[in-house]
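[1] Quick one, structure for this:
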Amino acid sequence: MELYEKEEFGFPVPLLWAYASGAAEDVGAVVTVRATPGGTWAYFEAGKGRGGFLSPCGDAKKAAERVDRLLKYRMFPNPEWT
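    Alright, predicted model coming up:
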């Protein structure tokens, strides 16, 4: 994980690049953390806004499973992975 400083944010934002190599192409997702209502935090796919919700920060295993399914879907578009 690296911190990237984006001018539009004005402060370093943690971004995690997750990717998978396939036979035909590579796919990936950039994951970040955002504040959520109630003073909690959650993992989101960067650039997708609130629609990119993956899971609450307290459940890293669930977040990893969601990213895994997202990457599988991008490699093999199939309703099974949504």
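[2] and the gap between Gly51 and Phe76?
    Here the criterion is C-beta to C-beta, to the nearest Å. By it, Gly51 lies 22 Å from Phe76. (Glycine included, C-beta is placed from N, CA and C.)
[3] Which one's more surrounded, these two?
    Neighbour tally, Gly51 and Phe76, criterion other C-beta atoms under 10 Å: the higher count belongs to Phe76, 11 against 7.
[4] Got phi/psi on that one?
    Main-chain dihedrals, Phe76, degrees, to the nearest 10: phi -130, psi 80.
[5] residue contacts, it?
    By C-beta atoms under 8 Å, 6 or more residues apart in numbering, the contact set of Phe76 is empty.
[6] now swap in the one 4 residues further on and tell me
    Taking C-beta under 8 Å, 6+ apart, we find Glu80 in contact with no residue.
[7] let's see it at 10 Å
    69, 72-73 (C-beta atoms under 10 Å, 6 or more residues apart in numbering).
[8] PyMOL command to pick out the buried ones of those residues?
    Listed next is the PyMOL selection for buried residues among those, using 16 or more other C-beta atoms under 10 Å:
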select buried, resi 72
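[9] Just the ones of the contacts of Glu80 in helices?
    Here DSSP state H is the test, and those give 69, 72-73 as lying in helices.
[10] any chance of these in JSON lines, with pLDDT too?
    Below are the ones in helices among the contacts of Glu80 laid out as JSON lines (pLDDT from 0 to 100):
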{"residue": "Arg69", "pLDDT": "90"}
{"residue": "Lys72", "pLDDT": "87"}
{"residue": "Tyr73", "pLDDT": "87"}
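[11] Of the residues you listed, which is the nearest to Gly47?
    Among the ones in helices among the contacts of Glu80, Tyr73 lies closest to Gly47 (C-beta to C-beta), at 16.8 Å.
[12] At which residues are the strands of the protein located?
    2-5, 12-21, 26-36, 40-45, 53-56 (DSSP state E).
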